[in-house]
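[1] got a predicted model here, sequence first, then my questions.
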Amino acid sequence: SQQGEEDPQALSIQEGENATMNCSYKTSINNLQWYRQNSGRGLVHLILIRSNEREKHSGRLRVTLDTSKKSSSLLITASRAADTASYFCATPGGTGTASKLTFGTGTRLQVTL
Amino acid sequence: NAGVMQNPRHLVRRRGQEARLRCSPMKGHSHVYWYRQLPEEGLKFMVYLQKENIIDESGMPKERFSAEFPKEGPSILRIQQVVRGDSAAYFCASSLRTSGSYYNEQFFGPGTRLTVL
């Protein structure tokens, strides 16, 4: 599998439900990031979790990281129609302070009323 | 504090023409990255530049593509003799320059959608 693969590829839920997306990666990382992309728009940075962190919260977002399994999950609680977007995990290509990001293919989330 | 700016937002070119995409990083950012996104896919890294230097161009096609980030002015991604397969969204991102091991997040621009007829 590719670095930073997400599953499921698509997810449809009703407003108010929780949405969970998973990401797997292959190489060692020092951090993992999640981004959101609305249709036809640019990427918005949601959250960064470092390799020495297991869980991180930001508003309705909860991210976990399991470095032993090389996987991360993004949980959106109490989803809203405005959360409809594609969500990507991304890992840095190196361990330096600034390096390229490798993105997964994304999870397309649809939140219906 | 303006974010990353890209222009044009949409660009239409005929096969064989040149495409120039511009990116102005966030104020104070000296690292610029270009990514390409094909429909229904994730972003693919193309090139990473600092002022006047190309640091990593491992994702750039060997021919027709070039990038620069001059001392003054925006970063430019240039595609010569475009072909239909170049149709995609091209995103620019920028990050801060710092010392130490703290990782700086990349802030993305809105993208330029290139359509080659």
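    Now that the structure is in, tell me what you want to look at.

[2] show me which residues of chain A are close to chain B?
    For chain A, the residues in contact with chain B (C-beta under 8 Å from any C-beta of the partner chain) are A:4, A:30-31, A:33, A:35, A:40-45, A:48, A:50, A:88, A:92-93, A:95, A:97-106. Every C-beta, even on glycine, is put in place using the N, C-alpha and C of the backbone.

[3] let's see which of those end up in strands.
    Among the residues of chain A next to chain B, the ones falling in strands (DSSP state E) are A:31, A:33, A:35, A:43-45, A:48, A:50, A:88, A:92, A:101-103.

[4] sort those residues by pLDDT and name the bottom one.
    The lowest pLDDT within those belongs to A:Pro92, with 85.

[5] distance of the residue nearest to it when sequence neighbours are not counted from A:Met21?
    Spatial nearest neighbour of A:Pro92, chain neighbours left out: A:Ser99 (4.8 Å); criterion: C-beta to C-beta, 6 or more residues apart in numbering or on different chains. Taking C-beta to C-beta, to the nearest Å as the measure, A:Ser99 falls 24 Å from A:Met21.

[6] for B:Ala67, same thing?
    32 Å.

[7] now A:Lys100
    In terms of C-beta to C-beta, A:Lys100 sits 22 Å off from A:Met21.

[8] lowest average confidence across helices and strands of chain A, where is it?
    strand A:5-7 (a mean of 80; mean pLDDT, DSSP states H and E).

[9] that strand packs against which elements?
    strand A:19-24, strand A:85-92 (3 or more C-beta pairs under 8 Å, 6 or more residues apart in numbering or on different chains; DSSP states H and E).

[10] just checking: what are the partner strands of that strand?
    strand A:19-24 (antiparallel) (DSSP bridges).

[11] the nearest residue to A:Tyr87 once chain neighbours are set aside: neighbour count?
    Closest residue to A:Tyr87 apart from its sequence neighbours, by C-beta to C-beta, 6+ apart: A:Thr107 at 5.0 Å. Neighbour count for A:Thr107, taken as other C-beta atoms under 10 Å in any protein chain shown: 22.

[12] for A:Thr107, list the residues it contacts.
    By C-beta atoms under 8 Å, 6 or more residues apart in numbering or on different chains, the contact list for A:Thr107 reads A:Glu6, A:Asp7, A:Pro8, A:Gln9, A:Ala10, A:Leu11, A:Met21, A:Ser86, A:Tyr87, A:Phe88.

[13] look up how far A:His57 lies from the third one.
    This points to A:Pro8. In this view, A:Pro8 and A:His57 are 23 Å apart by C-beta to C-beta.
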